[in-house]
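**Student:** what shape does this take:
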Amino acid sequence: MSHFISFVRIPALAIRQHLWPLAPLGVLEEDKLRMHVWPNDIDFNLHLNNARYLNIMDYARIHLLARTRLLDRIIRSRWQPMVGAVWITYRRSLPVFSAFELTSHLVCWDQRWFYIEQTFSGRDGLAAVGWVKGVLRDARGNVAPQKAIESVAPGAVSPPMPEAIATWNELTREKLASS
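**Tutor:** A predicted model of the protein is given here:
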């Protein structure tokens, strides 16, 4: 059941988007999904399992791509969206059967990476916040994020990279260099 999102919901979303497109969003606008924690999402503490957060975040990013019209371009160009890094902090539990909202938005991009922030909010407020660093790849290698953005939002410019994301990048580079 844990692969339901990857093997059923994401392909179904892509097909749905082709037949009945979702309401469009600008590339820098927030996408919000309202969801529930189901019994197959929980661990022994009867709350949303830490690994399921990441799985649900995958679905929400595809939903964001669909709404910003990037998904159509990705499919037509046969680009592969790939995650390079994830940082997540858990603040509050989301208990079984509770409703929550997952907000996703593209924070910025550079020559190689897209940076997406995703926040989970429940009845009691912020439950978790995560950043995802992603790339698009084709047969020749990485696709420049600006090229992808230009295909759906000509003239769009990345907002400045927040200092916190720049620090995260530097810490990641240091860790990888020492390995």
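
**Student:** show me where this protein has its helices.
**Tutor:** In the chain, the segments counted as helices under DSSP state H are 4, 10-19, 50-67, 70-77, 145-152, 163-177.

**Student:** just checking, what packs against the longest one?
**Tutor:** Just to be clear, that refers to helix 50-67. Contacting helix 50-67 under the criterion 3 or more Cβ pairs under 8 Å, 6 or more residues apart in numbering; DSSP states H and E are the following elements: helix 10-19, strand 31-36, helix 70-77, strand 80-90, strand 99-109, strand 114-122, strand 125-138. From N, CA and C alone the C-beta is placed, and that goes for glycine too.

**Student:** quick one: mean pLDDT over that helix.
**Tutor:** Averaged across helix 50-67, pLDDT comes to 95.

**Student:** ok, the fourth one next?
**Tutor:** Per-residue confidence for helix 70-77 averages out to 94 on the pLDDT scale.

**Student:** re the thing from before, can you lay out the helices of the chain as TSV showing mean neighbour count and distance to residue 88?
**Tutor:** Compiled in TSV, the helices of the chain are given as follows (neighbours: other Cβ atoms under 10 Å; distance: least, Cβ to Cβ, whole Å):
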stretch	mean neighbour count	distance to residue 88
helix 4	13	21
helix 10-19	13	20
helix 50-67	20	6
helix 70-77	17	23
helix 145-152	17	22
helix 163-177	12	12
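
**Student:** lovely, talk soon.
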